[in-house]
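S.K.: based on what follows, work out the 3D shape:
(4 chains)
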There are 2 protein chains.
Amino acid sequence: MTPDQNTELAEIFRLLGDANRLSIVLSCLDTPIGVGDLAKSLGLSQSLVSHHLRLLRAARLVRGERDGKFVRYVAADDHVRAMLKNMTAHIDEECGDD
Amino acid sequence: MTPDQNTELAEIFRLLGDANRLSIVLSCLDTPIGVGDLAKSLGLSQSLVSHHLRLLRAARLVRGERDGKFVRYVAADDHVRAMLKNMTAHIDEECGDD
DNA sequence: TGTTCATATGAACAACTGTTCATGTGAGTG
DNA sequence: CACTCACATGAACAGTTGTTCATATGAACA
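M.R.: Have a look, this model is predicted:
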């Protein structure tokens, strides 16, 4: 693991290290979802969700697809999906062990 | 994924989201290593490493074993090891794809 | 064009975080 | 005991971050 890779990985972790941002990413892991729906379903302001999505987009964790008035966001690729599913699986198991 | 699990996972990510802390955890994934050696090999102050280790310990990402004057730290369990190896593997693959 | 809906952006601020420096604790050794 | 080595802790500060409010952009539709 090179220093650059270490920094890159830390940056990804940092972005996922906010509870709201994490739930945003998890909410669009498999199915594209619009910003407004995201905000409503998570109980967050539209502005806040949009700000977070900008960061997630910049880090290529998420990608937005325009559809008329709407912009729907999904996990950027299978790496992101696999990483997060692996992590959530471990969390589930840990809770079982406690 | 319950809200509690979401928070817990975010907390883990937040801790790994600092480059120094991440390299500390990665440095003791498989082999226990003392605080001083950790500091020297990463080019960080002993105090800083110790502060970070306290946070990592509190989150049960790492565990310390006393050995005389020394305290050696290791990844807390196989979950932590597996999660991090999975993440680093994905980072490696992503770099290959670019 | 003017209006409305969905999303993005900018400024501002309180709260938090990483780091350093100084000091404390506790184990080993003379 | 006094001293040293390895580590932990506390206070303090600069820099960063999440959030809100207000406003801008941009697409659809009358």
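S.K.: number of residues surrounding the one residue in chain A that gets nearest to DNA strand D?
M.R.: Of all residues in chain A, the one sitting closest to DNA strand D is A:G68 (3.2 Å; C-beta to the nearest atom of the strand). To be clear about C-beta, it is placed using only N, CA and C from the backbone, and glycine gets the same treatment. Neighbour count for A:G68, taken as other C-beta atoms under 10 Å in any protein chain shown: 5.
S.K.: state the distance from it to A:K40.
M.R.: As for A:G68, its distance to A:K40 is 19 Å (criterion: C-beta to C-beta, to the nearest Å).
S.K.: what does A:L16 give?
M.R.: 22 Å.
S.K.: pick out whichever of the two has more residues nearby.
M.R.: When A:L16 and A:K40 are compared for neighbours, A:L16 comes out ahead with 27 against 12, by other C-beta under 10 Å.
S.K.: which residue is nearest the middle of chain A?
M.R.: Nearest residue to the geometric centre of chain A (C-alpha atoms, centre = their mean): A:V25, 2.0 Å.
S.K.: who touches that residue in this structure?
M.R.: By C-beta atoms under 8 Å, 6 or more residues apart in numbering or on different chains, A:V25 lies in contact with A:16, A:56, A:61-62, A:75, A:80, A:84.
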